[in-house]
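Colleague: Please find the sequence and the predicted model below.
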Amino acid sequence: MTSMTRRKFLAATGATAGAMATQGWFPAVLRAQGEPLRIGCPLPLSGPFAALAADMQRGAQLAQDELNAKGGVMGRKVEVLFRDDELKPAVGAQRTKELIENQKVQFVVGGLAAHVQMAINEQTKKSKVLFISTSQSDEISAKPDTSPITFHEALNPTITCRVMGSWVAQNLGKKWWIVYADYAWGKQCNAVLQDTLAKQGGTLLGATPYPLGSAEFSAHLPKIQAAKPDVFMNVAPGADNVALHKQLKSFGMDKTMKLAQPLLWISYLKEGGPEVYNDVYGAINWYWELESSIPSAKKFVDASLKKFNIPPGDYGAYAYSGVLEVGRGVELAKSTDSEAVANALRKNPVYDHFKGKQWWRACDNKAMQDMWIVKGRGPGKTKGDWGLMDMVAKVAADEKYDRTCAEKGLA
Amino acid sequence: MGAVTAFLSRHPVAAFGVFFAVFPFLMPYKALASQVLIFGLFALGFNLLYGYTGLLSFGHAAYYGLGAYGTGIALAKLKVSSLWLGLAAGPLLAVVGAVIIGFFCLRRRGIYFAMLTLAFAQLLYFVAFHMADLTGGDDGLRGIPLLPVNLFGWKIDLENSLAFYYFAFVIVWAAVAGLKRILDSPFGTVLQAIRENGDRASACGYDINRVKHLSFVFSAFFAGLAGGLDALRLAVVPVESLYWVTSGQVVIMTLLGGAGTFFGPFVGAGTYLVLGDRLAVFTERWPLVIGLIFMAFVLFLPKGIWGTLVDKLPGGQAAGAKP
Amino acid sequence: MDVSLAAVLPQVFTGLVLGMLFVLLAVGLSLIFGLMTVVNFSHGALYMLGAYFTVFFLTYTRSFWVALAVAPFIVGAIGLLIERFLIRRLYGRSPDDPLLLTFGLSLVLIETAKLIWGKIGLTLDPPRELGGAVNLGFMAFPAYRLFVIAVTIVVLIALWAFLTRTNVGLIIRAGSRDPLMVRALGIDLNRIWLLVFGIGCGLAGLAGALAGPMRGAYADMGVTMVIESFVVIVVGGMGSLLGAVVAGLLLGQVVGVTTFLAPKLAEIMVFVVMALVLLIRPSGIFGEAGLAE
């Protein structure tokens, strides 16, 4: 390589660095009145949950379009700015800082992983920006993480496992074996499931932790098979979940016991396929086939099919609802001040964007919402590309499913 | 140009102060400036071990992470009431870690040493992952309060992005001055002698293992201080702070900037972070881009940006390897 | 805690399978390091590519056997390219440089895999013939895992025969002991290094291909494996192939048993063993004592 080329290389990087350092630094003076309402949306666009993040992005975009079609919010256009948080808390925090300081977003909706959203939350709290979290976590709506401007749209392990656990104990069997991933979400689910089982008068035959990411279960399965549980609870996330089901099948355990898991996301079914998820029970916040029975669901599904040709999934629904709630809050408060909007949402907590009545619980800003028990459809029984589950039962929203505010350290 | 480089070579600490005093106004947003400063300090620590002593550590995230957890635990869990004490806890824990891990790793040399440092960092990662009561586990350590600074009776609130930047700036500047002292001392000369030819240094009668261990510990101190500052900046300590990816980042930054040069680490950190920040807005492929850039540097520009500049410019030689 | 034979045996068996993967990776790493003093950090990424290529060929040829046979060779070929065009440029420079370069390469390979095959990872099923379990009375062994053990043993025997019975093998062994002498004898070491690098990478690809049906193919699958493989070499003794085999099997068992008895310690146990070895016998079990490197 000649020195000529090296010099060119240096010059190029120097110029780019200079350009990038000054870009985005334009003084706020240049921003005119009637400027758009900006909502920051950090999500893990790269990484193992990219499919869920893409779903979220679509949901947020649909909400943005819907608000703008009505003339915007308070006459201002709504702009959702997406950033890749790479599923890492440090990156999520940094992107949030960038959105707030550089892009001057007034609100943040997003987060997919528990640890990332908590890092995002620390930043939004510092900058006094309203944050609607769309990620599963028990801590985000409890002390010390929560705040008057921290709202939690998504479900949390407590609600999910109490709902799923009670239904399974009442309908599928009372002798369980739980296999769970040894990290925050897995441990929380395990604890709540065991507690729920005990309250339902069931028996825990065993609970086996495994290191997250090492989906090697064949050593445990013979022992579990020998114990003859009614129900096998699969508390493994992501790719581990698919791997565990496959290994269960290879041991023939799907024939001798019922298979259940706290959450059954449509992306699991898409990735694993109907053979793997045949007759697997799970709980979900949203499934597009709800359109046949709920008007707001139909509106949501139609909009998604029209724009993207894909029905919206579970995380897309959270994002959709979160962005619409920001719009609703601003209209109610007649202001973009985060505290005012938060108060307005607490004063008018009831909303229905896509699946029926939801409401914010006043003491912890937790969204209470209906859930459904679903079951995977086997091969030959699926309908089209996305008709992968049967709706088995609806579980109406009830504050009793979450911890009480006292338990969360709040008044 | 010659006068500038001559000034840089004779007064590097002053030059650093002047440049970084105005740095936040050159960045798209203040928080990015703070990030560059802190990671520059992390790279500075790494550079002391790699660039000046010749020991490649692939597990430097351990000391950054220990620093972050030290400060985080002191402030969030132990509820220490002084910001200074909380911040000091970070590098202190990092130093303890370095004394122990250094002992193990320095039993081997060369590539062995590099991979051993990586292995120990991974060990710490998994420990932190599972000791969830203390570290928050994979959810991270949250709720780190940014206490106001108590300075001669004045209380300075650091919540403002610019205020925090200048707080970090003062500390990093002091660290940079400290590094200069280390490099100028006889100890510093021995370090560089070891980098050039360890056996010869040993033949001259120096206890090179002790010197290496000390360099390792100093290096960890700077990395730990960076970690502590970052804990304050982010208000959380993610468990990824200890992950091999973080170790890789500081290696890339230092090489990009110029290993073994005084300003290289900051140039590298700045380039890496600003480029990454701006590119991340357009693409998710940033890791691919940086991987390719890094490979290109290893192959064709091993002296890094600053190292190469220093080589080519008149009078630059003095501003480069020997400050 | 149920520690009957029936409970422990499956764990030992799982540890054996994991150990086989470690051995394949460690032997490859050790061959390359022993001869060329190059640590190939991208070994993990090549393992990952082995799994992805198996999925790729499986999709096109619908035959797992063909995919398993072809994928390691493709990965080996990539290894040849890496040595010829990247690593070779670094000879004569600091010994740290190949580690740095292959680290960067590892990032690039992982991101490229995500680009080509998506970010979620792909699932890979073992062939129907190996899908079930073989019942040996006291326990049922999953057939595919028996297959992995068998394949690894066959490959190791073939490698041993190659190294001890062929001329090329002789040169390789001589070259790791005394490269200067071998050159002085007029042998073109460049070609040998190319070959060894290719073989080492091919072994990594084979490990990935075998691991695919057990764990799926996903972009980050290789990174922790390469770190653990390096631990295997530290424990076994750098440059010692016997050490790589013994330590690989040993550490596979360590992981397996710890997962069973104390799951929280499972991930750190390999590092604890490594620290112990460093304390007691720094050159590794079969390493040459006194060799500080």
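Modeller: Yep, that arrived.

Colleague: count of residues packed around the closest residue to residue A:243 other than its chain neighbours?
Modeller: Nearest non-adjacent residue to residue A:243, counting by C-beta to C-beta, 6 or more residues apart in numbering or on different chains: residue A:215, 3.6 Å away. In short, each C-beta sits where N, CA and C put it, glycine included. When neighbours are counted by other C-beta atoms under 10 Å in any protein chain shown, residue A:215 registers 21.

Colleague: got a list of what residue A:215 touches?
Modeller: Neighbour list for residue A:215: A:236, A:239-240, A:243-244, A:247, C:215-216 [criterion: C-beta atoms under 8 Å, 6 or more residues apart in numbering or on different chains].

Colleague: what about chain C, any weak spots by pLDDT?
Modeller: C:1-7, C:136-140, C:288-293 (pLDDT under 70).

Colleague: quick one, strands of it?
Modeller: Per DSSP state E, chain C carries strands over the ranges C:133-135, C:140-142.

Colleague: check whether the first one contacts chain A.
Modeller: Which is strand C:133-135. Yes - contact of strand C:133-135 with chain A (C-beta under 8 Å from any C-beta of the partner chain) involves residue C:133.

Colleague: Kindly report the same for stretch B:275-291.
Modeller: Yes - interface with chain A: stretch B:275-291 contributes B:275, B:277-278, B:280-281, B:284, B:287 (C-beta under 8 Å from any C-beta).

Colleague: which outside residues touch that stretch?
Modeller: In contact with stretch B:275-291 (C-beta under 8 Å, 6+ apart) are residues A:16-17, A:20, A:23-24, A:45-46, A:83-84, A:94-95, A:98, B:28, B:32, B:252, B:272, C:104-108, C:110-112, C:115.

Colleague: What ranges does the stretch 51-200 of chain C have for its helices?
Modeller: Assigned by DSSP state H, counting those that start in this stretch, the helices in the stretch 51-200 of chain C fall at C:64-85, C:97-117, C:143-165, C:167-177, C:179-184, C:189-215.

Colleague: For residue B:81, which of those is the nearest?
Modeller: Proximity to residue B:81 (C-beta to C-beta) singles out helix C:97-117 among these, at 42.5 Å.

Colleague: Show me which positions of that closest one end up buried.
Modeller: C:97-114, C:117 (16 or more other C-beta atoms under 10 Å in any protein chain shown).

Colleague: pretty sure residue A:142 contacts residue A:403?
Modeller: Yes - between residue A:142 and residue A:403 a contact is recorded at 7.2 Å, counting by C-beta atoms under 8 Å.

Colleague: Over to residue B:125. Which of the three states is it?
Modeller: Assigned by DSSP: H, G, I helix; E, B strand; the rest coil, the conformation of residue B:125 is helix.

Colleague: List the contacts of it.
Modeller: Residue B:125 neighbours (C-beta under 8 Å, 6+ apart): B:61, B:65, B:239, B:242-244.

Colleague: So which of these are in helices?
Modeller: Counting by DSSP state H, the part of the contacts of residue B:125 found in helices is B:61, B:65, B:244.

Colleague: so what's residue A:258 up against?
Modeller: Counted by C-beta under 8 Å, 6+ apart, residue A:258 has contacts A:168, A:172-173, A:230-232, A:279, A:281.

Colleague: Mind checking which of these are buried?
Modeller: So, by 16+ other C-beta under 10 Å, the buried ones in the contacts of residue A:258 are A:168, A:172-173, A:230-232, A:281.

Colleague: Would you agree the residue nearest to residue A:243 falls within a helix?
Modeller: No - checked against three-state DSSP, residue A:215 lies outside a helix; its state is coil.

Colleague: hang on, residue A:144 packs against residue B:77?
Modeller: No - the pair residue A:144 / residue B:77 is not scored as a contact, 11.3 Å apart, by C-beta under 8 Å.

Colleague: ok but residue A:40 is inside a helix, no?
Modeller: No - assigned with three-state DSSP, residue A:40 falls outside any helix and is strand.

Colleague: got the contact list for it?
Modeller: Residue A:40 neighbours (C-beta under 8 Å, 6+ apart): A:80-81, A:83, A:96, A:99-100, A:103, A:105, A:107-110.

Colleague: Run through these and flag the ones next to chain B.
Modeller: Applying C-beta under 8 Å from any C-beta to those, one finds that residue A:83 fall near chain B.

Colleague: Restricted to helices, list the contacts of residue A:40.
Modeller: Judged by DSSP H, helices contain the following of these: residue A:96.

Colleague: Pick the one among the contacts of residue A:40 closest to chain C.
Modeller: Of all the contacts of residue A:40, chain C sits closest to residue A:83, with 16.5 Å by C-beta to the nearest C-beta.

Colleague: Spit out the contact partners of the closest one.
Modeller: For residue A:83, the contacting residues are A:40-43, A:95-96, A:98-99, B:280-281, by C-beta under 8 Å, 6+ apart.

Colleague: So among these, where is pLDDT lowest?
Modeller: Ranked by pLDDT, the contacts of residue A:83 bottom out at residue B:281, which scores 79.

Colleague: Check the burial of residue 228 by counting its neighbours.
Modeller: I'll assume chain A. Residues lying near residue A:228 (other C-beta under 10 Å) number 11.

Colleague: meant chain B actually
Modeller: Neighbour tally, residue B:228, other C-beta under 10 Å: 32.

Colleague: ditto for residue B:79
Modeller: Neighbourhood size, residue B:79 [other C-beta under 10 Å]: 9.

Colleague: Would you quantify the distance from it to chain C?
Modeller: Distance of residue B:79 to chain C, given as C-beta to the nearest C-beta, to the nearest Å: 27 Å.
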